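Undergrad: just to be clear, the model below is a prediction. Sequence and coordinates:
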Amino acid sequence: MPNKSVAEQRLKSLKRRFDKEPRFQEEYTRFLTEVNENGISEAIKVKVKCDKGGVGHKEGEQFSFHWWDHVFNKASASLQVESDQNGTKVKKTADEEDGTISNKKPRKALLERAKLYGSFVKSATLNVTLKK
């Protein structure tokens, strides 16, 4: 058990410190006696996790994605500029995938999943009873 070995190492370290500093041993013993008799005077504070980051979450990722650049590039890619003798015309191209422009980082997994399962149709289960 790794916990047992860690506890044994801490105990050995504490014994060495007691041997070097007898006053530390007295203070340590007095403190533990007070805690056992009176209890802990301050509440043990539990760290509460309020963010949505989980395993593999990168703290700085929200600052590394330049959403304004992404939105501009996506919007400008959907426009086509034509110049002729009459002037300049701006046309919107119709080859846009889903027609939405977002400031959120595009997720490859969702795009791949949509391509993989996009041809399936959602429907209910059909219950059929056969008569003899």
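TA: Good, I have the coordinates.

Undergrad: tally of neighbours for Lys105?
TA: By other C-beta atoms under 10 Å, 13 other residues sit near Lys105. Any C-beta I mention is one placed from the backbone N, CA and C, and that applies to glycine too.

Undergrad: I'd guessed it sits against His66; true?
TA: No. Lys105 lies out of contact with His66 (C-beta atoms under 8 Å); the separation is 9.9 Å.

Undergrad: all strands of the protein, in order?
TA: 79-84, 87-92 (DSSP state E).

Undergrad: dump those to JSON lines, plus distance to Glu59 and mean pLDDT.
TA: Shown next, in JSON lines, are the strands of the chain (distance: least, C-beta to C-beta, whole Å; pLDDT from 0 to 100):
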{"stretch": "strand 79-84", "distance to Glu59": "36", "mean pLDDT": "85"}
{"stretch": "strand 87-92", "distance to Glu59": "38", "mean pLDDT": "84"}
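
Undergrad: any chance of those in a markdown table, plus distance to Val6?
TA: Shown next, in a markdown table, are the strands of the chain (distance: least, C-beta to C-beta, whole Å):
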| stretch | distance to Val6 |
| --- | --- |
| strand 79-84 | 63 |
| strand 87-92 | 65 |
